[in-house]
Structure formats: structure tokens, C-alpha cells
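Trainee: Need coordinates for the below:
(chains A and B)
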Amino acid sequence: MAELNAKVLVIGGGPGGYVTAIRAGQLGLDTVVVDMGPVGGTCLNVGCIPSKALIEAAGAFHAASEDSRAVSPFGLSVEKPALDFRKTMEWKEGIVGRLTGGVASLLKRHKVRTIHGKATMRDGKTAVVETDTETVTIHAEHVVIAAGSVPVELPGLPFGGKVISSTGALALREVPKALAVVGAGYIGLELGMAYARLGSKVTVIEAIDRVLPGYDAELTRPLAKSLADLGVEVLLGARANGLGEDGDLVVTLTDGSARAIAAQKVLVAVGRRPRTDGWGLEGLDLAMTGPFVRIDERCATSMRNVWAVGDITGEPMLAHRAMAQGEMVAEIIAGARRSFEPLAIPAICFTSPEIVSVGVSPDAARDAGYEIITAHFPFAANGRALTRGSDEGMVRVVARADNHLVLGMAAVGHEVSELAGAFAMAIEMGARLEDLAAIIQAHPTQAEAIREVAARALGHPVHI
Amino acid sequence: MGEYLIRVPDAGEGIAEVELVEWHVKPGDPVQEDMILAAVMTDKATVEIPSPVSGTVKWLGGDIGDMLAVGADLARLEVVGAGNVAEAKSAADESPVAEPAPEVEPPAAPARAAGEEKKPAPPPPPTRPMPRAGEGPAPRSAGGLPRPLGEKPLAAPSVRRRASDAGIDLRRVRGTGPAGRIGHEDLDAYIRGAEETQPPGSRAPNTQVEEIRVIGLRRRIAERMAEAKRRVPHFSYVEEVDVTALEDLRAALNAGDAGRPRLTLLPFLVQAIVRAVADFPGINAQYDDEGDVIRRYGAVHAGIATQTPGGLTVPVVRHAEALDLWEIAAEIRRLADAARDGTATREELSGSTITITSLGPLGGIVSTPVINRPEVAIVGVNKIAIRPVWQNGGFVPRKIMNLSSSFDHRVVDGFDAASFIQKIRGYLETPATLFMEQ
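Mentor: Purely as a prediction, here's the structure:
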């Protein structure tokens, strides 16, 4: 049995784990990262990246299809397009491969040892890793747990056969004629809309009375309209019970009646849970917060020199949070004083239209005891949005009434995800409405809406 | 490799739980057999817990200040061989670790509830009325706090990072930017200010708050004092004692035999009490107010309140009735030294039947001592001062000392208390009576 010693052992090679490892390597710490699969975790392999590739392809195909059906507003007419879905998937795999390969070489460049195998923690300093060829015992001074999360399974709809998770939905061989999506959170809607645009007949089943429960109604309203335009049927207040004998998905509707939905695939996207099994958590005796490993503001767990980052530590389960935590933990291990206290963690929903939210919503700000002012600026009054053929959506700002400090920014509209950077910067830099209203934005861009919405909150908008 | 479980040992005297006051090891440390792992404190004394085996510390059963039940898991070691965990497991389940004392979170870092992280935490709500909308930040004044209490400091990430590296708490830094934002120049100014000495005459508010966990001896003192004041209706009685003759005698005795310990006033007072309680047995007693029993003791175990670096302790001169003046003096000195260097045993720190408290030259004019429950009386010694006393038609300088005593009014009546103190006064004013056969 091989023995290995390291300063830092990272369990999991996803965004939390590989960033921890790279940063630790940069800081000269002898680091080992262990992952069962290729590095990159859920995000690179079966999450953020492949789903965005699929959404991009679906958008292009959909636009061409629309243009073939009727002459476009600007007079373009095309033949009915065809999509070689196998090629789409190959292209997606190519992107994933480039990125995971890039991560692997970055790890190598920073002298991080990567071990592919199944790690089991023996205690707070020791892990046993089963690789394809041998068993390796790793002793480390510090352990960083970045075990991530897995899709939640519904008892009536276990994964397998036609019931697929998001991972399965990103690896289909062909576009299903009909797709049922259980769960109208961001994962279900992103993938459901992508397949709808690729030509699937999509039905979304959501247990509560609205889509995207994580975002406020003001932001999701344009999305509901867009789903209807796409022909996606959304069953709200409905419960998916399981598959009938004929393989149809049996759903109980709000009024109590049952309905069978014929679908080649049933995507269950009802959330993700921390991966708390399979790596020896039970041997560590860590304090938990609900299903998550409990951490403090330094990402320290209840055991000394055992750290945890990313989805295993709680909401929001987002790659960029994990990366920021991982970078910080590596620096703490190297001796720096750090704590994880961001003012805002951006959240984006890559549906069409896209939704982006940074900081707090108006209701959350009021709940926190603030007197606020809030304003909207519609893209219907933005020149660039009109030239892109998309006038739906708006930008919203929430600021303190007393000193105009910006507390939250959000937008819904065509490709507004790229505004997340400006929003986060405004909040983290401590911008006031006066700052946003005074920064010259290039014309014509959608970012002009940032200046306009701040001016509107201050009572002097120019373009509305 | 096996796991060896070490439990909190029984410290005797029916003690059910102990307080963890010190860890000598941390997880990962190698330990040898008989190496001290931890110190725990009972009501009376600190007990060090040695490791029965050699191994590596894997897990510690609590934080400093936690109360641990006797028999609870204290630590787990990784040992060569089988360990003892398999057989220990079920027993450990039966006696779980006592509920740890609630930890007081510092206000600076409020605990985040589960799932609260979902939303980026907003700065805490304003705690004082805010100026009119659009008015902007209040002008920076020379004094006052950097921002309303509880409000999160506003600073760009690079400023936060720099402050963190420099170990600066941004809550203490004044921000001169819009909305009170702290810029790099504010941080520079703060660092400069910390380096330079304050110019004379300038007064800055000191917003520093140091949090000290009340643990160990201090917690014990706090509990016992609060309990004594809560349960015992105290009354105090103060009388002045002319100690001129006693002081003359003491000086003469100290000037005599150099081989004997130097006498302070305390041994004389102990002797006086020994004699006085013979007439007032109800005062040399313990009142068990839960069992409704008063125990009057033939022995006089005199507690001597002693200041130690850790706080107040009360070592006990046992069987003072069987000791002579010099033996008492020697015993008081020995116990005080033991209490101060922490080597006093539990037996030496418990079982007193009456307590004496003296601050020596700091004794003041009057004090209101707190009874050392379950005793019923405590006698406090105030300072000696030369005062004019009217005697035989003229003022004469006399050495006068007050005795401030407190009694448990549930079981000691004012008349008896006063009579008891008058008896002591008689012995001290005419010290020859202390040496008469009774």
C-alpha cells in the first residue's frame, strides 16, 4: 500500500477543489487533489459549461427555425434548418475537454498532484484512496473537503431508464420528441427551454404556484410569457407521482385530477443535495448544519485543520462561491488572515430571457429593515436592445433611501447575464446611485440601462 | 491501529460534572503514557487528567469552559493495537457529554442561520434614525464612532483585503468617502494614527471591546457569589475593636523568638473565634437549606479568604481549636502559598465552618462580606488606624480596628451575632484572656 504525505489534501476536483489546489500550489504548499472522475467537477463536466453549450446551440437553431417559418423582421428568409445533434454533442464535449484539460495542466504547472480514485477519510488527517491500480494512504496537515453536490432523486421517480437527471439531459443521443421536466427551478427551465428550442414538446411540472421560486415575481414575469410563446406547457401546483404502466408520467394537478404525460424522457430537476456520503464523512464526526457541513466565516469545520468549501457547505450552491471560498482557504492555510464576507454573490438563470440578480431584492431589503428606493428601466427604451430585436425585460436597482448605497441590482432580458459583472462591481465597490448615474456607459449598449436606472431612482432619467 | 477512548474520570465527592479548563494537547499531537491531556475543575479544585496510554490525539471532547459529565468522552487517541473503543462505545452512549455551556457569540460576528447564506447578507439594518433621503452621510466630526453601531463598514474589496492582512478591524476605521465608504487613504490614516502616539490633548473614543469568557475559577466564584447573595439574607454588623494591647503583644512576640513564624493579626482572630464559638455554637455551623438541617461543628475549620492570581479562593485551617497561635500562623502561611501557586488540594480548599476575610492594609473602614455558603457567618477585618479615644477624662491615641461581619439571618439572630462579635472584641482587647485555661 502506497503512502503519501502532503501539506494540503483536497477532496474533490470541482470548482471549489481545483481552485483550492491551484491557489495552494501557487503559494508553495505541497498539495494533493483527489477526484473520482476528471477534474472540473459537476460544473465543467455535467453542469454549467455543457448546459451553456447546449443552450447556445439550441438558441442558434431556434432563431434559424423561426426565420424559416416567417420572414424575419428585417427581411431575412432561410430554408428550414437541420441540426446534427450528434455533432452538437461532440462540440459540447470538445469544449468540456478543453476546459478540463486546461484545469489539469494548471494543476500540474503549480505542482499539484492529482490522484484519480475514490477517497475515504479515515480521520481528520488521513485519507485512503482506491485508484484503478492501487490503494494510496494520504497523510496531510490540512484537509479541504470539496465533495460538491448531487441531483436530488424523487422517491417515485428514481433515476434510470427514461428518468434522467441534469447529467443525463446533457448526454442525450437525440432530441426527445417530448420531454417532461419535473421542477421549474433554474436547472429545469434552462434545460427544458433548450430542448423546447431544439424541437421537443416540453411540459414542466412544478409543485408550487410559480416558476423560479428563487427569484422574485417581477423578474420571472417575462420568462413566463416566453415559456408560453415557446409552447412549453407549465403545470403549476402539480405533483409528479411516477411512471404509469405505459411509461407515461402521471401527474396530479391542482384540482386533484390526474393526468398522464407522454414523454420519451423525464428530466427530474428538483434541486441538488450535498454529497455527504461516499467519502468517509461518518469517520470525521464533523458538526453539521442541516444536511450541510458546518463552516465558519473562514470555511473552517468543527475539526481543526479540516476545511470545507462549495456545495457541501450550503446555499447558494454555485461554482463561483466555491471558487472564492477555495482561493481563500488556500491563503488561510498559507498563513493569511481571511474571511469569506462577500457583499453579493451573483446568481444567473440562463433561460431565455436571461435573469441576473446580485445583492438583495426590494422585499429582502425591506425585510432587513432598510428604507429603500427602487427603480426599473425597461429595455424597450434602450436602443441597443431594440436593434437586437429584443425589447423585453428591464434593469432594476435597489438602494438605501438615506445614503443611496446600492444594495441590489437585477435584470431580465436578452443576454443580460453579462451585466452581472457590472452589478457585482457596483455593490462590492460600495457604489451609490450617484456613482452609477455618473459613469458614462458606451452607446449603444444594454449597459446604458445601468446609468438610466440609477438616474431614474434619483428622479432624473433622460430616456424615459 | 486502534482507537482508545478516555473518559472524564470521577473526581470523587459525588461530583457529577466538571469544567474543562485547559487542554494540554490538540488533535494530531503524539502523547506518551502519563502525559497530561487536560485539566478539569470541580467545585473545589483543578484536577489534571493524564493519558493512560501512548498514542496520537484524534479527537477532543469539548472546548475550554465546557461542562463535561463524569464518564463522558474526553478524548480519543489513536493507539497501536486494538484500543478500547469497541467495548467503550455502549457505555459512552449512556453517559453523553453534558450540554455545553451556551457560548456567547461576539456581536461582531453574528452566527448565520442555516440557509441564510442563500441571499448575500445585507448590511445590518440601521440602528438609529437616518437622515433625510438624499442628504448623504453625516459630516465627519472629530469625535464619535466611525458609524452607527452594528452597521457594516463599507469598503471596496481591495481595502478589505489590505485591512485583513494588516489585522485591522474595519469597524474601527472612519470612512471619508461617499456613504461613509472607507478608502485606502482612510486606511493609511488609521495605520498612521495607530503608529503615532496621540498628540496630547486629543481624545479619541476607544471603541475597543475585549471579550473574556468567564471560565474556570472565575466562573466558580461568580456562581457561588451569586448563589450566596440570592439565597442567603445577609445582615452585617460592624464593631470597633481597640487592638492597642494586642498590637503591643504581637510586636513583643515577633521581637522574641526568631525561630518562630512571624505573627499577623489573623492567628489571634482565629484563636478569639475558637473561644467565642464555644459560647455561640450556632455560628460555627453550616446550614443545609435544602435539607433543612443546621450542622453545628465541634471543630473550628477556619476558612481564610485568599487572593490568588486566578481569583479568590478560601483555603481552610483545619481543627483550629487544636492548634496553638504559631501553628495557626504557620498553617495560614502554608495554605496561602499553596493556594497562590495552585497546589492546594481539594481537601485544603473545602470544609470550612466559618470564614475570615481580610484585605490587610487595604481593609478600609467597613466592608460587607459575602457569606461562604453553606456557612452562616463571615468575619471581615478592616484596617488598623490610630485614633483619639476618650479615656479617663482625656483623649489618648489608640490603635483601633473595625470588624465587619455578615450573618445568615435565617438561622442567626441579630442579638446572637452582636453578642458573638462582642465576645471576640473582649478577647482581642484583653489578649491575655486568649491564653487563659477555659
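Trainee: How confident is the prediction for B:Asn206, by pLDDT?
Mentor: We note a pLDDT of 77 for B:Asn206 in this prediction.
Trainee: Hmm, I typed the wrong one, I wanted B:Arg192.
Mentor: 85.
Trainee: in the sheet, who's paired with the closest residue to chain B within the stretch 51-200 of chain A?
Mentor: Chain B sits closest to A:Asp123 of the stretch 51-200 of chain A, with a gap of 5.6 Å, by C-beta to the nearest C-beta. The way it works is simple: take the backbone N, C-alpha and C, and place the C-beta from them, glycine included. Each beta-bridge partner of A:Asp123 is listed here: A:Thr126, as defined by DSSP bridges.
Trainee: In the stretch 351-464 of chain A, what residue comes closest to chain B?
Mentor: A:Gly369 (2.6 Å).
Trainee: quick check: longest helix of chain A.
Mentor: helix A:85-109 (DSSP state H).
Trainee: Could you check how far that one is from the centre of its chain?
Mentor: Put simply, helix A:85-109 sits 18 Å off its chain's centre (C-alpha atoms, centre = their mean, to the nearest Å).
Trainee: What strands flank the next helix or strand after it, and is each parallel or antiparallel?
Mentor: Note on helix A:85-109: by DSSP states H and E, the next helix or strand toward the C-terminus is strand A:113-116. Note on strand A:113-116: by DSSP bridges, its sheet partners are strand A:31-35 (parallel).
Trainee: Compute the inter-axis angle for the partner strand and helix A:85-109.
Mentor: 160 degrees (axes from the mean of the first three to the mean of the last three C-alpha atoms, to 10 degrees).
Trainee: Other residues contacting strand A:31-35?
Mentor: A:4, A:6-14, A:17-18, A:20-21, A:24-25, A:39, A:41, A:107, A:110-117, A:119, A:127, A:129, A:138, A:140 (C-beta atoms under 8 Å, 6 or more residues apart in numbering or on different chains).
Trainee: ok, then the element right after it?
Mentor: helix A:41-46.
Trainee: just checking, what packs against that following helix?
Mentor: helix A:15-26, helix A:85-109 (3 or more C-beta pairs under 8 Å, 6 or more residues apart in numbering or on different chains; DSSP states H and E).
Trainee: So for B:Met1, which of these sits nearest?
Mentor: Proximity to B:Met1 (C-beta to C-beta) singles out helix A:15-26 among the helices and strands packed on helix A:41-46, at 27.6 Å.
Trainee: which residues of the chain score low on pLDDT?
Mentor: No chain specified, so I'll use chain A. Applying pLDDT under 70 to chain A flags no residue at all.
Trainee: oops, chain B please
Mentor: For chain B, the ranges with pLDDT under 70 are B:11-14, B:43-44, B:86-145, B:194-203, B:258, B:438.
Trainee: give me that answer again for 80
Mentor: Within chain B, the ranges that satisfy pLDDT under 80 run B:1, B:9-17, B:42-47, B:70-71, B:81-151, B:194-208, B:256-261, B:310, B:360-361, B:437-438.
Trainee: State the number of residues packed around A:Arg86.
Mentor: Using other C-beta atoms under 10 Å in any protein chain shown, A:Arg86 has 10 neighbouring residues.
Trainee: rewinding a little: pretty sure the residue of the stretch 51-200 of chain A closest to chain B is touching A:Gly283, no?
Mentor: Yes. With contact defined as C-beta atoms under 8 Å, A:Asp123 reaches A:Gly283; the gap is 6.5 Å.
Trainee: Of the two, give the one with the bigger neighbour count.
Mentor: A:Asp123 (23 against 14).
Trainee: check contacts around the most centrally placed residue in chain A.
Mentor: Closest to where the C-alpha atoms of chain A average out (C-alpha atoms, centre = their mean) is A:Leu318, at 5.4 Å. Contact analysis of A:Leu318 by C-beta under 8 Å, 6+ apart lists A:Ile345, A:Ala347.
Trainee: Let's see that with 10 Å instead.
Mentor: Shown in contact with A:Leu318 (C-beta atoms under 10 Å, 6 or more residues apart in numbering or on different chains): A:Pro15, A:Cys43, A:Cys48, A:Gly310, A:Asp311, A:Ala324, A:Ile345, A:Pro346, A:Ala347, A:Ile348.
Trainee: contacting residues for the residue lying closest to the third one once chain neighbours are set aside?
Mentor: Once its chain neighbours are removed from consideration, A:Cys48 has its nearest residue in A:Ala319; the separation is 5.8 Å (C-beta to C-beta, 6 or more residues apart in numbering or on different chains). A:Ala319 sits next to A:14-16, A:19, A:41-44, A:47-49, A:148, A:310-311 when contact means C-beta under 10 Å, 6+ apart.
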